[in-house]
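> Dropping the sequence and predicted coords here.
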Amino acid sequence: MHNTATAVALGDLAANEPAREFAFSDADFRSLVQLAREHAGIALSESKRNLVYTRVSRRLRALGFTAFKEYRAYLAENAGELESFINAISTNLTKFFRESHHFDHFRSQVAVPFINGQRRGDGRLRVWSAGCSTGEEPYTLAAVLRREIPSGARLDVRILATDIDTDVLGKAARGIYPLNAFESVPRPYLDYFEPVGDGSKESLAAAESIRSLIVFRRLNLIEQWPFRGKFDAIFCRNVMIYFDNPTKTALIDRFIQHIKPGGFLYIGHSESFHGTHSELQLVGRTTYRRKA
């Protein structure tokens, strides 16, 4: 989901019903809404009807169908298409150093204390970018960490970057961005991006020094998580706003169990918690600390 990393930022379209290229019934809409909820936790209201039609129509064209009913039947018989369907309805909006105060806090309260030996704990630093989208968030985290790590230091530092959308994960793994994507990057951090291998001056690529800190993986936040370790910090920003409250509450509870005592959870500015979370303490704007 998520920026971040917005894994599933679903916007409203015009209320007027357009002329339809494909037959699209109420039953079609309800069926796709149910699939999105069951398999990705995405809550789609009636106001998202046009968006669902527009996004999923791309799959109908690609597959040669003339009606959503045909596509639904294909979905039911082809499990692999479910991933393409989730990709189709997911929008990913992010940029480097988005909500920059989170990275200031991460640097001063997570990165620097660890590197100075104040928060070594198990000797490892683990960070999770949940809903990493096209990768700007984890590369920002990697640049912040790399700038603080002394030359030649051998520290066990890793960033897990996950998203449900395989298309954006592919872009993130490539780590190549147009020059205008770096307008919000403070000058000291530009050193961690370099011209792409073909000599193009129109794009920059993440340098190996920061790429080496990141592991990209596909992960559906509402399914089982294939890891047991705990993180010093979890970034899940502008992802949960598109989940319903029970899904959001359950996800936060799971995050808490995967944060080390004293570690941090960063969420998006448009997000809030519903209910109480006795193990979390608000320590800054949309920044929470797991109580020790």
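Nice, thanks for sending it over.
> After the helix or strand of the chain at the bottom of the mean pLDDT ranking, heading C-terminal, what element do we hit next?
Lowest by mean pLDDT, DSSP states H and E among the helices and strands of the chain is helix 81-89, with a mean of 85. With elements assigned by DSSP states H and E, the helix or strand that comes after helix 81-89 is helix 101-106.
> Excluding its own residues, what touches that following helix? List them.
97, 140-141, 144, 233, 235, 237, 264, 266, 283-287 (Cβ atoms under 8 Å, 6 or more residues apart in numbering). C-beta here means a position set from N, CA and C on the backbone, and glycine is covered the same way.
> Apply the buried test to these and list what passes.
Listed as buried from the contacts of helix 101-106 are F97, T140, L141, V144, A233, F235, R237, F264, Y266, T286, T287; burial here means 16 or more other Cβ atoms under 10 Å.
> mind giving me CSV with those and columns for secondary structure?
Below are these laid out as CSV (DSSP: H, G, I helix; E, B strand; the rest coil):
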residue, secondary structure
F97, coil
T140, helix
L141, helix
V144, helix
A233, strand
F235, strand
R237, coil
F264, strand
Y266, strand
T286, coil
T287, strand
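> okay if I get those residues as JSON lines plus pLDDT and distance to S151?
As requested, the buried ones among the contacts of helix 101-106 are exported to JSON lines (pLDDT from 0 to 100; distance: Cβ to Cβ, whole Å):
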{"residue": "F97", "pLDDT": "95", "distance to S151": "24"}
{"residue": "T140", "pLDDT": "98", "distance to S151": "21"}
{"residue": "L141", "pLDDT": "98", "distance to S151": "19"}
{"residue": "V144", "pLDDT": "98", "distance to S151": "16"}
{"residue": "A233", "pLDDT": "98", "distance to S151": "24"}
{"residue": "F235", "pLDDT": "98", "distance to S151": "26"}
{"residue": "R237", "pLDDT": "92", "distance to S151": "31"}
{"residue": "F264", "pLDDT": "97", "distance to S151": "27"}
{"residue": "Y266", "pLDDT": "97", "distance to S151": "28"}
{"residue": "T286", "pLDDT": "91", "distance to S151": "34"}
{"residue": "T287", "pLDDT": "95", "distance to S151": "30"}
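> and which of the residues you listed is nearest E279?
Nearest to E279 out of the buried ones among the contacts of helix 101-106 is F264 (Cβ to Cβ; 12.5 Å).
> Grab the nearest non-local neighbour of that closest one.
Computed as Cβ to Cβ, 6 or more residues apart in numbering, the closest residue to F264 that is not its neighbour in sequence is A233, at 4.7 Å.
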